[in-house]
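A.B. asks: Dropping the sequence and predicted coords here.
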Amino acid sequence: MNLRKRSLTAFFLLGILFLVIQYASLIVFFLLLQVFILAALVEFYNLADRKKLSPQRALGAACALIISASFYFPRLGFERGLFICLLAACVYFVVRISTLERLAGFPQSMSITFFGALYLSFPLNYLYRIRLENGVFSLYFLFAVIFLGDSGAYFIGRPFGRKKMTPIASPNKTWEGSVGGILFACLGALAARKLLLPDIVLWKAVLCGVLVHAAAQISDPLESLFKRAVGIKDSSNVLPGHGGFLDRIDSLILASPLFYYFVEALWK
């Protein structure tokens, strides 16, 4: 790994992330989030193509945006949005499956198309909801837990890691690194609380750091399973030293909704 290239990309991405979170209006934040979701979805469907699962990109993108719209327009609601997606998918495939060749690939094509949209759009739009309902400091708290936790897992796991945690999904991840990640996530939570959210009770901030990073440690290897299934290391090479968009948001897929629900249950 080229550490210099990776570090430069990381600083650039963090700078962009800060500007968007701190200064972008809600609508701009929401729209940029959709760009990121669609970029990750394209990479996900590219993985599926390697297994000849025939994802329908236009349909998947439309479903992802409908799910996103259910977050932006409360009157639409997630249930209605999900039904619209299901209805659209059913109509699309009933019309499209007109030959025996297409029929053979129908189950996996519909499944991967629908799953990809739901897998990425539903959890990642919680980032918008967190900013809308809890403010930018809550997003900084979440990112401090994720980023410092990931750094701790790397710096502890690399020299001290012995016991493999997920040998198939992520061969380099170890239980020692996992513990290091949790500890650093707690430090990130404490720092973010002290600097940004001093009204949050101490034990709640620490518990949040533990649970959110534990979810991230599941979310990351889950995304890796899709890559390992097709025999590649990164979802793309669009981000030098960091792989693709899907690789950058994998930890947030489960961590973002969990953080939102934790805040709703224990912070308010």
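C.D. replies: All right, it came through fine. Quantities reported herein were computed from a predicted structural model and do not represent experimental measurements.

A.B. asks: residue ranges of the strands in this structure, please?
C.D. replies: With DSSP state E as the criterion, the chain has strands at 164-166, 170-174.

A.B. asks: got these as CSV, with mean neighbour count columns?
C.D. replies: Yep, even glycine has a C-beta here, placed from its N, CA and C like the rest. Shown next, in CSV, are the strands of the chain (neighbours: other C-beta atoms under 10 Å):
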stretch, mean neighbour count
strand 164-166, 17
strand 170-174, 18
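
A.B. asks: Can I get those strands in a markdown table including distance to L65 and mean pLDDT?
C.D. replies: Below are these laid out as a markdown table (distance: least, C-beta to C-beta, whole Å; pLDDT from 0 to 100):
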| stretch | distance to L65 | mean pLDDT |
| --- | --- | --- |
| strand 164-166 | 32 | 87 |
| strand 170-174 | 31 | 86 |
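
A.B. asks: quick one, which of the ones you listed is nearest to I16?
C.D. replies: Nearest of the strands of the chain to I16, taken as C-beta to C-beta: strand 170-174 at 26.4 Å.

A.B. asks: Return the list of helices and strands in contact with the closest one.
C.D. replies: Where contact means 3 or more C-beta pairs under 8 Å, 6 or more residues apart in numbering; DSSP states H and E, strand 170-174 is packed against helix 136-160, strand 164-166, helix 202-230.

A.B. asks: shaky segments in the stretch 151-268 of the chain?
C.D. replies: Scanning the stretch 151-268 of the chain for pLDDT under 70 picks out 239-242.

A.B. asks: what's stretch 117-132 in contact with?
C.D. replies: Contacts with stretch 117-132, where a contact means C-beta atoms under 8 Å, 6 or more residues apart in numbering, come from 21, 26, 29-30, 33, 36-37, 40-41, 44, 60-61, 63-65, 67-68, 71-72, 78, 82, 85, 138-139, 142, 249, 252-254, 256-257, 259-260, 263.

A.B. asks: Let's have the helices and strands packed on strand 170-174 in TSV, adding distance to R193.
C.D. replies: As requested, the helices and strands packed on strand 170-174 are exported to TSV (distance: least, C-beta to C-beta, whole Å):
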stretch	distance to R193
helix 136-160	7
strand 164-166	28
helix 202-230	4
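
A.B. asks: closest to F93 out of these?
C.D. replies: So among the helices and strands packed on strand 170-174, helix 202-230 is nearest, using C-beta to C-beta, at 22.2 Å.

A.B. asks: next one: stretch 86-95 to chain centre, how far?
C.D. replies: 27 Å (C-alpha atoms, centre = their mean, to the nearest Å).

A.B. asks: ditto for stretch 43-52
C.D. replies: 18 Å.

A.B. asks: Over to stretch 82-90?
C.D. replies: On C-alpha atoms, centre = their mean, the centre of stretch 82-90 falls 23 Å from that of its chain.

A.B. asks: hey, C-alpha coordinates of that stretch in PDB?
C.D. replies: Provided in PDB are the C-alpha atoms of stretch 82-90 (Å, rounded to 0.1, in the frame of the first residue of the first chain):
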ATOM      1  CA  LEU A  82     -40.700   0.800  -0.700                       C
ATOM      2  CA  PHE A  83     -44.000  -0.300  -2.200                       C
ATOM      3  CA  ILE A  84     -43.500   2.000  -5.200                       C
ATOM      4  CA  CYS A  85     -40.100   0.400  -5.700                       C
ATOM      5  CA  LEU A  86     -41.600  -3.100  -5.400                       C
ATOM      6  CA  LEU A  87     -44.400  -2.200  -7.800                       C
ATOM      7  CA  ALA A  88     -41.900  -0.700 -10.300                       C
ATOM      8  CA  ALA A  89     -39.700  -3.700 -10.100                       C
ATOM      9  CA  CYS A  90     -42.600  -6.100 -10.700                       C
END
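
A.B. asks: Show residues contacting it.
C.D. replies: So stretch 82-90 is contacted by 59, 62-63, 66-67, 70, 110, 113-114, 117-118 (C-beta under 8 Å, 6+ apart).

A.B. asks: just to revisit the earlier point, emit the ChimeraX select command for whichever of the contacts of stretch 117-132 are buried.
C.D. replies: In ChimeraX, this line selects whichever of the contacts of stretch 117-132 come out buried by 16 or more other C-beta atoms under 10 Å:
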select :21,29,30,33,36,37,40,41,44,60,61,63,64,65,67,68,71,72,82,85,138,139,142,249,252,253,254,256,257,259,260,263
